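> next input, structure requested:
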Amino acid sequence: MTVQIPLSDAALAADRDGGGGTHEIAPDIAYLRTVLVNVIYVGRPNQPGWVLVDTGIIGSAGAIRDAAHARFGRDNPPAAIIQTHGHFDHVGGLESLSREWDVPVYAHPLEAPYLTGQASYPTPDTKADGGVMPKLAPMFPRTPVDVSERLRLLPEDGSVPHLPGWRWVHVPGHTPGQIALWREADRSLISADAFITTGQESAYEVMTQKPEMHGPPRYFTPDWIASAESVRRLAALEPNLVITGHGRAAAGEEMRRALRQLASEFEQIAPPEHLREGH
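Numbers count the residues shown, from 1 in each chain. Predicted coordinates for the structure are as follows:
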């Protein structure tokens, strides 16, 4: 049985038109939904030095570029691309955009093999419950991208290049080197897929973006012990605003309550039913 933590519309972050189809949820944060996944733009409109976080699915480079032009100007490429992890739905435009813009790509050292063509992720868990997506997952690409020439490892001190005031947080489980981004000043969190705000296993929920608090996508998460620790690490930050890899941005006390519940009951809620405690 799928356990759900619903979120009301009141828990969703207020957004404005950020240009090019993006949702602006803070003066310097906007996101673009590219079919399956969110791409995030950090930086003030029409100002240099902005950063792109993740690069969507295959075929989304054009939409990501158009949104960047609308928000920052046509002759204003990003200072860098930050990859939270290397799953196919987060790196679809990485090779082409990093080459076109000639910018560095930053990632955690443990994610480097999946961004340099050296390693592929484990096969998906087709027994994961919640909808049809786990059954389709074997058809999703697992071949790694190769951005070796532009790949840079994130600084060991937790700072994020080109994003003063932000820190990276290692949140493994979904992948070995997955990171989240955290800004203490306004308690903004980019959580990647450590937790998400829609049921990614259900094609219907992917389409409608029904707001719910979930753990990472079940069919592509091999380490549930590490995933639990990662969610608890992020919940302890008590964020005010979260932008997840999948689903709509959320904010406020209802979001925090749902995240605390997910953290405290993770083993009973997040993993596939066949891997939960007691099964």
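
> output the below-cut-off pLDDT ranges for the stretch 151-279 of the chain.
For the stretch 151-279 of the chain, applying pLDDT under 70 flags the ranges 200-206, 277-279.

> now the helices for this protein?
Under the criterion DSSP state H, helices of the chain are mapped to 61-72, 94-101, 133-136, 203-208, 224-235, 252-264, 266-269.

> could I get these as a markdown table with mean neighbour count and distance to residue 84?
Where C-beta positions appear, they are placed from N, C-alpha and C, glycine not excepted. Formatted as a markdown table, those follow (neighbours: other CB atoms under 10 Å; distance: least, CB to CB, whole Å):
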| stretch | mean neighbour count | distance to residue 84 |
| --- | --- | --- |
| helix 61-72 | 19 | 15 |
| helix 94-101 | 18 | 12 |
| helix 133-136 | 18 | 20 |
| helix 203-208 | 14 | 19 |
| helix 224-235 | 20 | 12 |
| helix 252-264 | 18 | 18 |
| helix 266-269 | 17 | 20 |
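
> what about residue 163, how many neighbours?
Residues lying near residue 163 (other CB atoms under 10 Å) number 22.

> which ones are touching it?
By CB atoms under 8 Å, 6 or more residues apart in numbering, residue 163 lies in contact with 42, 51, 82, 181.

> bridged to the first one, which residues?
I take that to be residue 42. For residue 42, the beta-bridge partners are residue 29, residue 51 (DSSP bridges).

> coming back round to it: what two of the contacts of residue 163 are the furthest from one another?
Spatially, the most separated pair among the contacts of residue 163 is 51 and 181, at 9.4 Å (CB to CB).

> so what sits against both of those two?
82, 160, 163.

> ok, the residues you listed vs residue 212, which is closest?
Residue 212 lies nearest to residue 82 out of the shared contacts of residue 51 and residue 181, by CB to CB, at 26.2 Å.

> can you report how many residues lie near that closest one?
Neighbours around residue 82, by other CB under 10 Å: 27.

> before we move on, the earlier item: among the shared contacts of residue 51 and residue 181, which ones are in strands?
Among the shared contacts of residue 51 and residue 181, the members found in strands (DSSP state E) are residue 82.

> can you redo the shared contacts of residue 51 and residue 181 as JSON lines with distance to residue 237?
Listed next are those as JSON lines, based on distance: CB to CB, whole Å:
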{"residue": "82", "distance to residue 237": "18"}
{"residue": "160", "distance to residue 237": "15"}
{"residue": "163", "distance to residue 237": "17"}
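
> quick check, nearest of the shared contacts of residue 51 and residue 181 to residue 13?
residue 163 (19.4 Å).

> roughly how far does that closest one sit from residue 28?
According to CB to CB, to the nearest Å, residue 163 and residue 28 sit 10 Å apart.

> please apply the same query to residue 103.
Applying CB to CB to residue 103 and residue 28 gives a distance of 18 Å.

> ditto for residue 229
30 Å.

> what is the burial count for the closest residue to residue 107 other than its chain neighbours?
Computed as CB to CB, 6 or more residues apart in numbering, the closest residue to residue 107 that is not its neighbour in sequence is residue 83, at 4.4 Å. Residues lying near residue 83 (other CB under 10 Å) number 30.

> show me the contacts for residue 83.
Shown in contact with residue 83 (CB under 8 Å, 6+ apart): 54, 55, 90, 91, 94, 105, 106, 107, 111, 115.
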